[in-house]
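*Asks:* fold the stuff below for me.
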Amino acid sequence: MEFLENMIWLYLTIPFLFVVSIFFTIYAKGPQFRLKKIVNALQVSDSKTTLTPVATLFIALSARIGVGTLAGTGLAIAIGGPGAVFWMWISALITSAATFAENTLSQTFKQGPSAHPYGGPAFYIKYGLKNKKLAALYAIILVITYTLGFVAIQMNTLTSVLTMNMNLSPYLIAFILTLLTAITISGGITKVSKFIAKMMPFIAIFFFGLTAVTLMINFTYIPAFFSEIIASAFGLTSLTGGGIGIAIVTGIKRGIFSNEAGLGTGAHAAALNHHDNPQEQGYIGILGIYLTTIISVTLVAFMIMSTGAHHGVSLVGNGIELFYFSLTQLFGVIASFILPIVIFFFGFSTVVTAYLYGVMNMTFLSSKKVALIGLRMVLLLMVFIASISNPQVMWRLVDIGVGITAMINLVALMLLRKYVRRS
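*Replies:* Numbers count the residues shown, from 1 in each chain. Now for the predicted structure:
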C-alpha cells in the first residue's frame, strides 16, 4: 500500500498538479497574486441565491480547516521536519491557481434552480467535457475517499482525543457522535449549507483567539520560528526529518490535504452561489487556500514549534499528539478541556461538509431517494466504526484516493481551460 501511495503521489499527482497550476498561473495571468480582486470578490452579491459569497467561503473553509490542519500540520513536521511547513506554503501559493480554475468551472457549469444551485467536478466533466463515464468515476471515488475517508479520519481523531482526556468508552463516544451526525444531516442540501455557514464563524473566532494567545505568550520566538523553518526546508539543520526530499514531498502532500487544491472538492461549495462572472468565485477559492494553509497552518505550526513539541513528542497516531502537547505547555491542565472542544468543532464541521459534498455527487450518480438514504446509512456507520480503526492505515487509503481524484480533476481542468480565461 505504501508503494502504491508513493507511486501515485511522487510520479503522477504532485508533478501533474504543479504543471497544471503553473499553466493556469500563466494562462489566467496570475490570479493568486491579484489581491484586490480576491478581496473584492467577497463583496459581490446576487439575490438569485440564498447563500452569499462569504457563506460559500465558510462552507469551503469548514472542510479545509479541520483535523487536517491540526493533525496534518503536526504530521508534516514530525515526518519532514519544520521545513515541511515552508513547502506547504509554496504548495498553496502555486496550486491556488488550480483552485481558481476549478471554482470558475464549477460556477460555469452549475446545475439546479437559480435559488439553490449545485455543482462540482462531476458536473463540469459531464456538461463541459461531455464525458459521463469519467464524471461518474470522479463522483464515485470522491464519495468513497472524501465523504467516507475524511469522515473516518476526523472521527477517529476526535474519539481518540475524547477517550484520552475524558476516560470515556470509545463506543459511547462513537454512539453520541453518530447520533449528532444523524440529526445534523437530516435536512436537505440548503439546510446543511446554512448550518455550516452559521457555525464556521464561531469556530474561526475560537481558533484564532487560541492562536492569538499563543502569539502573545511566545512573541519573542517569532524570528526563530521562521528561521528554523527556512533552514530546515533547505536541509541546513538536522531537523529536516529524512532529508530535504522528505521535507518537500511531505510538505506538498500535507499542504494539498489541508487546502484541497486541485482535488475539486472546494468547487462543490463554489457552485452554491451565483456570479455573473464565474471568475469571482475563483478568486474566493484562492482566498480560502490562503486562509487555510498560509495562515491557519502557520499558526498551528507556531503553536507546535514554540512549545518544543516537535522535539520531544513521539508520533504514534495521526499527528494530533504534537498539537495536544503544545496546548499542555501553554495552558496546563486546561488543555484537557480545550483540545476536545477544538477537535469536536473542527472535526464535526468537516464531517457535515463532507456529507454535503457527498450528497451532490450521489445526486449526480442517481436521482433516487434510496441512493441518498444509502449514503446516510453508510456515513453513519463510518462515523461509528472509525473510532476503533488504525489511523495510519486510513491516512494511506485516503491519500491514495485523493491522488486519483486529483488526477481526474486536473485532466478536466486542462481540457476545459478555455472556459477559465474567457469567463
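*Asks:* quick check: mean pLDDT across the host helix or strand of Ser258?
*Replies:* Ser258 is part of helix 244-259, with elements assigned from DSSP states H and E. Average pLDDT, helix 244-259: 75.
*Asks:* ok, stretch 157-166 next?
*Replies:* 71.
*Asks:* for that stretch, list the C-alpha coordinates in CSV.
*Replies:* C-alpha atoms of stretch 157-166 as CSV (Å, rounded to 0.1, in the frame of the first residue of the first chain):
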residue,chain,number,x,y,z
THR,A,157,-9.1,11.7,15.9
LEU,A,158,-12.0,13.1,17.8
THR,A,159,-12.7,9.8,19.5
SER,A,160,-9.1,9.3,20.4
VAL,A,161,-8.9,12.8,22.0
LEU,A,162,-12.1,12.3,24.0
THR,A,163,-11.0,8.9,25.1
MET,A,164,-7.6,10.1,26.2
ASN,A,165,-8.9,13.2,28.0
MET,A,166,-12.2,12.2,29.4
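*Asks:* off-centre distance for that stretch?
*Replies:* 22 Å (CA atoms, centre = their mean, to the nearest Å).
*Asks:* surely Leu339 touches Tyr324?
*Replies:* Yes: using CB atoms under 8 Å, Leu339 is in contact with Tyr324, at 5.4 Å. In short, each C-beta sits where N, CA and C put it, glycine included.
*Asks:* what residues are shared contacts of those two?
*Replies:* Val161 (CB atoms under 8 Å, 6 or more residues apart in numbering).
*Asks:* quick one: which of the two has more around it?
*Replies:* Legend: neighbour count by other CB atoms under 10 Å for Leu339 and Tyr324, higher for Tyr324 (25 against 22).
*Asks:* run through who's touching the one helix or strand the more buried one maps to.
*Replies:* Tyr324 is part of helix 320-331 when elements are defined by DSSP H and E. For helix 320-331, contacts defined as CB under 8 Å, 6+ apart pick out 67, 70-71, 73-74, 77-78, 157, 160-161, 213-214, 217, 300, 303-304, 306-310, 312-315, 335-336, 338-339, 343.
*Asks:* tell me the first helix or strand C-terminal of it.
*Replies:* Downstream of helix 320-331, the first helix or strand assigned by DSSP H and E is helix 335-365.
*Asks:* give me the angle between that next one and helix 320-331.
*Replies:* 140 degrees (axes from the mean of the first three to the mean of the last three CA atoms, to 10 degrees).
*Asks:* distance between the next helix-or-strand element following helix 335-365 and the chain's centre?
*Replies:* Next along the chain after helix 335-365, taking DSSP H and E as the criterion, comes helix 369-385. Distance of helix 369-385 from its chain centroid, counting by CA atoms, centre = their mean, is 21 Å.
*Asks:* in helix 369-385, what's buried?
*Replies:* Of the residues in helix 369-385, 372, 375-376, 378-380, 382-384 count as buried by neighbour count, 16 or more other CB atoms under 10 Å.
*Asks:* residue ranges with poor pLDDT in the stretch 251-400 of the chain?
*Replies:* Low-confidence segments of the stretch 251-400 of the chain (pLDDT under 70): 312-319, 387-395.
*Asks:* how many neighbours does Ser366 have?
*Replies:* Ser366 has 13 neighbours, counted by other CB under 10 Å.
*Asks:* would you mind measuring from it to Thr405?
*Replies:* From Ser366 across to Thr405, the span is 19 Å (CB to CB, to the nearest Å).
*Asks:* so for the helix or strand hosting Asp399, what gets flagged as buried?
*Replies:* Per DSSP H and E, Asp399 falls inside helix 391-415. For helix 391-415, burial by neighbour count (16+ other CB under 10 Å) applies to 391, 394-395, 397-413.
*Asks:* relative to helix 244-259, how tilted is it?
*Replies:* Going by the same axes, to 10 degrees, helix 391-415 makes 80 degrees with helix 244-259.
*Asks:* how far away from the center of its chain is helix 391-415?
*Replies:* Using CA atoms, centre = their mean, the offset of helix 391-415 from its chain centre is 13 Å.
*Asks:* ok, and the closest non-adjacent residue to the spatially most central residue of the chain?
*Replies:* Centroid-nearest residue in the chain: Arg64, 2.8 Å away (criterion: CA atoms, centre = their mean). In space, and not counting its chain neighbours, Arg64 is closest to Thr292: 4.3 Å by CB to CB, 6 or more residues apart in numbering.
*Asks:* neighbours of that neighbour, how many?
*Replies:* 27.
*Asks:* from Ser306, how far off is the residue of the chain most remote from its centre?
*Replies:* Centroid-distance maximum for the chain: Thr220 at 30.6 Å, with CA atoms, centre = their mean. Applying CB to CB, the value for Thr220 to Ser306 is 9 Å.
*Asks:* and Ser366, by the same measure?
*Replies:* 50 Å.
*Asks:* again, but for Asn277
*Replies:* For Asn277, the distance to Ser306 - CB to CB - is 42 Å.
*Asks:* of those two, who's got more company?
*Replies:* Per other CB under 10 Å, whichever of Asn277 and Ser306 has more neighbours is Ser306, with 22 against 13.
*Asks:* ok, for that one, nearest residue in space, not its chain neighbours?
*Replies:* That would be Asn218: by CB to CB, 6+ apart, it lies 4.0 Å from Ser306.
*Asks:* now do the same for the one you found: its pLDDT.
*Replies:* Asn218 is assigned 87 on the pLDDT scale.
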